[in-house]
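>>> this one's sequence-less:
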């Protein structure tokens, strides 16, 4: 069975609020230095091997930036 992973599906929606980063139990995400067209720093995946695909980050994101695939 394939393992679920998080991915940044819509970086243009990200406001860099950090809710997904704060609630990730494995500390997979971080607010990076890359900016989107609105000037917000975009979330990035820093430890993809630690991701369990739990979906907490996806549920906490108010702008539906993340996707669990």
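Thanks, I have the structure now. Everything numeric here is computed off the predicted structure, so don't read it as measured data.

>>> Show me where the protein has its strands.
Using DSSP state E, the strands found in the chain span residues 6-8, 29-35, 41-45, 66-68.

>>> Now tabulate those in CSV and tack on distance to residue 21, mean neighbour count and mean pLDDT.
Backbone N, C-alpha and C define where each C-beta goes, glycine included. Converted to CSV, the strands of the chain look like this (distance: least, C-beta to C-beta, whole Å; neighbours: other C-beta atoms under 10 Å; pLDDT from 0 to 100):
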stretch, distance to residue 21, mean neighbour count, mean pLDDT
strand 6-8, 11, 19, 96
strand 29-35, 5, 15, 97
strand 41-45, 6, 19, 98
strand 66-68, 11, 18, 96
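
>>> Is it possible to get CSV of those that adds distance to residue 59?
Shown next, in CSV, are the strands of the chain (distance: least, C-beta to C-beta, whole Å):
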stretch, distance to residue 59
strand 6-8, 11
strand 29-35, 13
strand 41-45, 14
strand 66-68, 9
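
>>> Quick one: residues contacting the closest residue to residue 66 other than its chain neighbours.
If the residues on either side of it in the chain are set aside, residue 66 comes closest to residue 58, at 4.8 Å by C-beta to C-beta, 6 or more residues apart in numbering. Contacts for residue 58 were tallied using C-beta atoms under 8 Å, 6 or more residues apart in numbering; they are 6, 20, 66, 67, 68.

>>> again with residue 13
With contact taken as C-beta under 8 Å, 6+ apart, residue 13 is in contact with 36, 63, 64, 65.

>>> Buried ones only from those, please, as a PyMOL command.
Remark: buried members of the contacts of residue 13, expressed as a PyMOL selection using 16 or more other C-beta atoms under 10 Å:
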select buried, resi 36+65
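
>>> Let me know the closest of the contacts of residue 13 to residue 30.
Of all the contacts of residue 13, residue 65 has the smallest distance to residue 30: 13.6 Å, by C-beta to C-beta.
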